[in-house]
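Student: A structural model of the following input is requested.
(3 chains)
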Amino acid sequence: MSNEAHRSTPQQRGRRIARRAAALGTVLALALTGCASDGGNDSAGGDVKAVNLGAILPLTGSTAQNGNNSLRGIELAVKQINDAGGIKSLGGAKIELSTADATSDPAKAANAATQFLSKGEAPLAIVGAYASGLTVTVARVTERAKVPLLSTSFSDELTQQGYEYFFQLPAAASKMGKAQMGYALEMAEAADKPLDKVAIVYANNAYGEAQGTSLKQQAEESGKEVVLFEGYSPTITDAGPIAAKIIAAKADGIFSIAYVNDGVLLMRALGSQGSAVPVFGGTGGYITPDFLAALDEQANGLFSVITSNPDGYGEIGEDYVAEYGEFMPQEAHDNAAAVFIFAQALEENPTRDPTELATYLHEGSFDLGAAGQMPGGVVNFDDTGVNVNAVPLMVQWQDGGLVGVWPKDIVKGVPHWTTK
Amino acid sequence: METLQLIVQSIANGLLIGSVYALISVGLTLIFGVMNIVNFAHGEFLMLGMFGAFFASNVFGIDPLIIAPVIGLAGFFLGAAAERIIIEPIIKAPQSAQIIATVGLGIVLANGAAAIFGNNFVSVSTPYQGQNFSILGFNFAAPYVFAAAYALVVAVLLALFLNRTEFGKAMRATAQNRGAAQLLGIDPRRMYMVAFGLGVALVSLAGAVILPYTLTYPFIGQQYVLIMFTVVVLGGLGSVRGAITAGLAVGVIQSISTLVLPLELQNLPVFIVFFIALVLIPGGVFNRVRLASIKRS
Amino acid sequence: MWRRVFYGVLLLALFLAPTYLPNDYAVRVLALVCIFGAASTGWNLLGGYANQISLGHTVFFGIGAYAVVIFQGVYGLSPWLAIPVGIAVSVAVAFLIGWPSFQLSGHYFALATLSLLPVFHIIASYWKELTGGPAGISVPILPSGLDTLQFDGPVPFFYIAAIFLVLVMVLGRVVRFSSFGLQLDAIRLNPQAAALAGVNMFRVKMKALLMSAAVVSVAGSLYGAFLQFMDPDTAFAWTITLNLVLFAIVGGVRFWWGPALGALVLIPMGEYASLQLTGNLAALGQLAYGLLLIALVLFQPRGIGGLFSIIWRRVNRGRA
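Tutor: Numbering: from 1, shown residues only, chains lettered A, B, ... in the order given. Sure thing, here's the model as predicted:
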């Protein structure tokens, strides 16, 4: 046993040699790492150099369903733009998409972003990272690197930091929450249904918290009683206790903010405990094909607020169904819109400089492809990166499909009030 | 009185979920009792049981509750194999090595599952997920009731095994006093293999049985760690009876706490209980005479 | 004398790294090696030297990280002020958890420390006023400088991390060859005999625990300053625990340079693996870690350091 406080010299020397070898070996390993990461930076071949677009999305983890849906939308948009001839004002340059997995860990997402931006040729812009928690850390990296980040994250915080390279397509969480509650109350009044006591439950993450707080505010401003206001862990595995608490609170309406997994668990638990109270979701999981697949019949009747109207997805919506076999979810569409905005911006203001691109993104009006189907028919970013035309809508699951039901003047459908 | 009804309902729910906690933890305590090893990979075996049931359900359309015994059996063989390959060689090694070996095993299982299935959350759809039983005005969700029923049956079978069969008695003997058992002709190595296999069988069966009301993903094992270890420490490391009682107790504590505390703090009382148990009752409620394990530190 | 030269060479290699490393990314990785190498060395003071396996040291890491992010992000104070506060809180928590647990056997200690992580995760998620809740806290982008610990590139930060690593390794070495180190050894080898020989088990273990908690806390603070963001998932991640333990075991727990060596070998490998393996395969990297742990425990419990001494002994035998 080597316990002595002082060793004889030969052994010390031996260790020294060993350590030297180790130091050398690992320096080599690091050098190799550097080589490997530098190794892939030639252009897409062909005559014109491609434009690089990066996508950082949660492809694994608790929001993987939404992340993958988003990626599909992006890929479809890239394909359509490239098939139509690429960016003509840049000589027909094709968009080359590279992806990174943000996982569900904000620190890893930032790491993925840093890796993205430091190896090989940096992208001209990045689309991502779907989840607010992830986008917050990614945005810091992109802002520092001066690369535009086009995002479908709702986080209010992101447009309040004075970032010049951040662009938020949908309405912010505070607006979404306001609409989720406001529209629900309006619909209830129009249908003469009681909605005086509300229960608000939200997943305990950046998105849930922000939107949940806004829900509460709106409820209180409208003079309604908030009988329950609780957050729960987003990786919850048992929604029994939450459902029990909600039912015990005896609300007229349940307002939930959840991703797919916790949303499904919650709905099942509410169902198995016999709840028939209307539920209003806050996007996230509530409007995805995965949600429908898991709940089937039980999904019908659920309301949710949404960032863009599925009734109006038109051609690209049909193309999505043709390509992927299920309806185009909100995150797929909105991320596709981001790609179209990128393409249109480059088309109208050809450049290979991210800063110039960022400046133009603030100035232009974008309505190409999916961007033209965002609320208002056009996307305009103000100085802080907010899309000034973003307006939430309310949808409802009816017969296994999402139908826009409120506000009346923008949508085609009508709310069904079920007494399940 | 409405609050009374709420409390009773809460206690009832707690007992239901507690019986599941007991089922999950009893294997862990059994392994420790017989082998003096804490299986830090126990949560990952739970996860494997859940995934096994998920596949049976998705690919063959068999309900998890029906396939559960098969999953348990598969778990037994898996556990026995793991014991032979990884645990056996370190039975005599220092505690730190044992801890690290099972921690490593847990990592391998969780990441192996992630590499194969992806780190995605999955759940099953079963017809009884939306149903409930109404007794005396109280509501009990069907998946929980079935899980608890299973736990009860398994507990009875386990008790019969340990108390009425030769093998079971031999195992208890090994747990109480290895040396003496060996002198009596009991092969400790065989006991270890069966004990570990049985422990894994119990927890993987539990995984299949709870899948209907929950979901799973490769790293879910970590979520159950606090509960599992609280139950075994509270009940006394090594005491099967203790684990069952403690499981029920923890379930009730957790359930009642949701009445007064915010949901996010649901597990805080559990931890407090754990800590108290750790400090005040090193041997657990049922095992005052576990000084041997303290002396062995 | 030769020993000093060797250390000198190593130090040069370390501090000149930014000149020969190919890009900023590699410097970032090396900075992480320094931070986690130091943290693991801290863990090892208790885990390797005294054989008390703590599975909850991440808590101190997280506390240190949060301290910096809260001080800078919420109150606009200097991160340097946060570091001692982080240490103080970590040490307090360490004392509170060590005091009852050290009276129990190794298994119970591991279990007790294991439970720390979920609890602190719950606290961090719930105590929104302090920690920003699940959304976490971001430190706003501040002018670069030593006072804010924010820089335009990773190089200045790397130097801070490297200095920290050297200091911690010196501590590790000093402890190893001191009488305190002997006491830890005694506890590791034969607790009963140590107690009989008059070693105050409780006091010695507690000293090691508090020392290691402090070191890990500072490492966490540096990490927090590095990321400029913290949330419960990042601060109290199980993977950090794994890394602390793994680096020490791979490098060799009996050596004061063991954990640092483990970090130096594994972190670049891990980064390389995550670059090459994407999607599902990303888990293979972590899987390899698990297999490595098992393999080491079964076949080479003394880690790479142990391999070196075996090799050295063979070479020596040839010479003599």
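Student: can you pull the buried residues of the helix or strand containing A:Ala345?
Tutor: Using DSSP states H and E, A:Ala345 sits within helix A:330-348. Buried residues in helix A:330-348, counting neighbours by 16 or more other Cβ atoms under 10 Å in any protein chain shown, are found at A:330-346. Every C-beta, even on glycine, is put in place using the N, C-alpha and C of the backbone.
Student: and stretch B:148-164, by the same measure?
Tutor: Counting neighbours by 16+ other Cβ under 10 Å, one finds that the buried residues in stretch B:148-164 are B:Ala148, B:Tyr150, B:Ala151, B:Val154, B:Ala155, B:Leu158, B:Leu162.
Student: what comes into contact with that stretch?
Tutor: Stretch B:148-164 is contacted by residues B:15-17, B:19-20, B:22-23, B:26, B:65, B:68, B:167-169, B:171-172, B:202, B:205-206, B:209, B:240, B:244 when judged by Cβ atoms under 8 Å, 6 or more residues apart in numbering or on different chains.
Student: in helices, which of these fall?
Tutor: Of the contacts of stretch B:148-164, the ones assigned to helices by DSSP state H are B:15-17, B:19-20, B:22-23, B:26, B:65, B:68, B:167-169, B:171-172, B:202, B:205-206, B:209, B:240, B:244.
Student: filter those down to the ones close to chain A.
Tutor: When contact is defined as Cβ under 8 Å from any Cβ of the partner chain, the ones in helices among the contacts of stretch B:148-164 meet chain A at B:Ile17.
Student: right, and the secondary structure at the residue nearest the centre of chain C would be what?
Tutor: For chain C, the residue nearest the mean C-alpha position is C:Ala39 (1.6 Å; Cα atoms, centre = their mean). Secondary structure state of C:Ala39, per DSSP: H, G, I helix; E, B strand; the rest coil, is helix.
Student: hmm, C:Val215 and it touching each other?
Tutor: Yes - if you go by Cβ atoms under 8 Å, C:Ala39 and C:Val215 touch, sitting 7.0 Å apart.
Student: who touches both of these two?
Tutor: Counting by Cβ under 8 Å, 6+ apart, no residue touches both C:Ala39 and C:Val215.
Student: and the contacts of stretch B:148-164, which are buried?
Tutor: B:15-17, B:19-20, B:22-23, B:26, B:65, B:68, B:168, B:171-172, B:202, B:205-206, B:209, B:240, B:244.
Student: stretch B:235-252 and chain C in contact?
Tutor: Yes - on the criterion Cβ under 8 Å from any Cβ, stretch B:235-252 is in touch with chain C at B:Leu237.
Student: the helices in chain B, which residues?
Tutor: Ranges of helices in chain B, per DSSP H, are B:2-35, B:42-60, B:64-82, B:95-117, B:142-164, B:166-176, B:178-183, B:188-210, B:221-235, B:240-260, B:268-280, B:291-295.
Student: so how far is B:Gln182 from B:Lys169?
Tutor: According to Cβ to Cβ, to the nearest Å, B:Lys169 stands 15 Å off from B:Gln182.
Student: can you check C:Phe236 too?
Tutor: Distance of C:Phe236 to B:Gln182, computed by Cβ to Cβ: 44 Å.
Student: the two: which is more packed in?
Tutor: Taking other Cβ atoms under 10 Å in any protein chain shown, C:Phe236 and B:Gln182 do not tie; C:Phe236 has more neighbours (27 against 14).
Student: next one: that one from chain A, what distance?
Tutor: According to Cβ to the nearest Cβ, to the nearest Å, C:Phe236 stands 12 Å off from chain A.
Student: list the buried residues of stretch A:193-204.
Tutor: Quick answer for stretch A:193-204 (16+ other Cβ under 10 Å): A:Leu195, A:Lys197, A:Val198, A:Ala199, A:Ile200, A:Val201, A:Tyr202, A:Ala203, A:Asn204.
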